[in-house]
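Engineer: quick one, structure for this:
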Amino acid sequence: MKIALLLLAIVCAASATTYFSETFDGSFEDKWVQSAAKDDYGKFKSATGDAFGDATINKGIQTGEDARFYALSTKIDTPFSNKDKKLVLSFTVKHNQGIDCGGGYIKVLPELDGKKFNGDSEYFIMFGPDICGYTKKIHLIFNYGGKNLLWKKEPRCEDDKLTHVYTLIVNPDNTYEVKVDNERREGGKLDEDWEFLKPKEIDDPSDKKPSDWVDDAEIDDPEDKKPEDWDKESETIPDPNAKQPEDWDEAEDGKWEAPQVPNPKHKGQWKAKRIPNPAYKGVWKPKQIANPDYKEDAELYLARKPLAAVGFDLWQVKAGTIFDNIILSDSVEEVDAFVAKTWGATKDKEKEASEAADKKAKESDSKKDDEKKDDDDKEDL
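Structural biologist: Next up is the predicted model:
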């Protein structure tokens with residue numbers, strides 16, 4: 001049994017295909033194309049960030065100019081189809097600047113002219129974190145039938161300054177899974193979480209609510225009668241605590257009367273008790289009929305054109321996000337191994353370096369505060 005499982009694992013590993021991977025260890029300008037669709041696109045640069053675990057592994061591309069759109073892409077050497085296969089996309093995002101507003105997502109696209117790449121360029125998937133103010137969510141948008149379909153779910157993304165890995169798995173059975181730092185964050189069925197298809201059934205436009213249909217779930221209790229003394233007390237009474245002013249002159253001011261205040265004994269408007277309506281038929285709904293616009297599709301997961309490029313198309317108010325370690329494969333195992341060699345191998349050291357940097361910064365701030373206090377004390381002498 002163990003031998004059979006081992007052979008199966010070997011066969012699966014041998015059949016796995018990695019369509020694209022990028023670690024940005026060297027220069028990226030010769031492979032990645034800066035769009036010229038706008039003349040003021042922001043530029044990317046190579047960077048590791050302020051705190052890192054390994055200078056080579058953690059080297060990525062970083063947004064370098066504030067308040068800019070960015071559009072950078074590269075071609076996949078051999079365009080491919082994901083028909084009858086898993087599509088696994090993974091990459092890392094590090095908001096080194098402590099992002100306040102900006103995107104951190106990646107796009108998988110069909111054939112593309114990188115120089116013309118822009119926000120209107122056709123894509124198959126857009127995936128990754130998006131932060132702006134209170135909005136801190138993971139975007140996952142599919143293009144289907146020429147429309148970009150928004151995810152019904154909005155799972156929270158990471159918003160610290162550490163590197164995080166975002167992984168998407170799209171299965172040929174029309175299910176999907178989203179992982180953050182190798183932990184499942186969301187998942188489900190494509191047809192339930194996006195509006196890929198028209199509804200199978202719709203309201204019958206010819207079905208009308210009967211004229212005698214009773215909509216009221218409750219009615220006044222016909223046996224409930226208003227008590228005879230209900231209206232005995234007036235709505236207001238003279239304020240018992242009010243006193244006539246000492247300088248009040250009836251000859252000039254007239255007879256003094258206390259101001260009116262709400263009467264605590266007043267019971268308000270009487271209303272009969274409500275009871276269930278025996279004639280109530282429920283909420284009326286028209287009959288459902290087959291939707292003539294519905295078309296079944298067993299391949300919602302499938303990109304209708306060969307996938308040929310990946311790119312970053314985003315806006316950032318404050319630049320500094322680092323993207324790294326991109327992989328596109330048909331194997332979860334291949335992607336997991338890639339993630340383990342990159343993010344997994346450096347995350348602990350990066351966290352230690354980040355904590356040490358934070359501690360040093362706090363000590364520096366504390367020292368400055370003490371020096372300022374000393375200076376203020378000297379000025380007071």
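Engineer: let me know the outermost residue of the protein.
Structural biologist: Ala251 (75.4 Å; Cα atoms, centre = their mean).
Engineer: in the helix or strand hosting that residue, what counts as buried?
Structural biologist: Secondary structure assignment for Ala251, by DSSP states H and E: helix 250-253. For helix 250-253, the neighbour count (16 or more other Cβ atoms under 10 Å) marks no residue as buried. C-betas here are computed from N, CA, C, even on glycine.
Engineer: need the next SSE after that helix, C-terminal direction.
Structural biologist: strand 260-262.
Engineer: that following strand packs against which elements?
Structural biologist: strand 236-238 (3 or more Cβ pairs under 8 Å, 6 or more residues apart in numbering; DSSP states H and E).
Engineer: helices and strands around the strand it packs on, which ones?
Structural biologist: strand 260-262.
Engineer: identify all contacting residues around the strand it packs on.
Structural biologist: Residues outside strand 260-262 that contact it (Cβ atoms under 8 Å, 6 or more residues apart in numbering): 235-239.
Engineer: can you map out the helices along the chain?
Structural biologist: Applying DSSP state H to the chain gives helices spanning 2-15, 190-193, 250-253, 332-341, 343-380.
Engineer: lowest average pLDDT across those helices?
Structural biologist: Among the helices of the chain, helix 2-15 carries the lowest mean pLDDT, at a mean of 49.
Engineer: top strand in the chain by residue count?
Structural biologist: strand 68-80 (DSSP state E).
Engineer: that strand pairs with which strands?
Structural biologist: strand 33-34 (antiparallel), strand 307-316 (antiparallel) (DSSP bridges).
Engineer: name the residues of that strand that are buried.
Structural biologist: Quick answer for strand 68-80 (16+ other Cβ under 10 Å): 68-76, 80.
Engineer: returning to that earlier point: show the buried residues in the contacts of strand 260-262.
Structural biologist: Using 16+ other Cβ under 10 Å, no member of those is buried.
Engineer: next, give me the two most distant ones among these.
Structural biologist: Using Cβ to Cβ, the contacts of strand 260-262 reach their maximum pairwise distance at Glu235 and Asp239, which is 14.0 Å.
Engineer: near the closest residue in space to Ala37 that isn't next to it in sequence, how many other residues are there?
Structural biologist: The shortest distance from Ala37 to any non-neighbouring residue, by Cβ to Cβ, 6 or more residues apart in numbering, is to Asn118 (4.0 Å). By other Cβ atoms under 10 Å, the residues close to Asn118 number 14.
Engineer: quick check: the residue nearest the centre of the chain vs Phe91, distance?
Structural biologist: By Cα atoms, centre = their mean, the chain has its centre lying nearest to Lys137, at 2.4 Å. Distance of Lys137 to Phe91, given as Cβ to Cβ, to the nearest Å: 17 Å.
Engineer: find the least confident helix or strand in the protein, judged by mean pLDDT.
Structural biologist: helix 2-15 (a mean of 49; mean pLDDT, DSSP states H and E).
Engineer: quick check, pLDDT for the closest residue to Pro238 other than its chain neighbours.
Structural biologist: Leaving aside its chain neighbours, Pro238 sits nearest to Ala258 (3.8 Å; criterion: Cβ to Cβ, 6+ apart). In this model, Ala258 is scored at 90, pLDDT.
Engineer: surely Ala258 touches Thr236?
Structural biologist: No. Using Cβ atoms under 8 Å as the test, Ala258 is too far from Thr236 to be in contact (10.8 Å).
Engineer: pull the contacting residues for Trp248.
Structural biologist: Trp256.
Engineer: now stretch 155-167: buried residues?
Structural biologist: Here stretch 155-167 shows 157-158, 161-167 as buried, counting by 16+ other Cβ under 10 Å.
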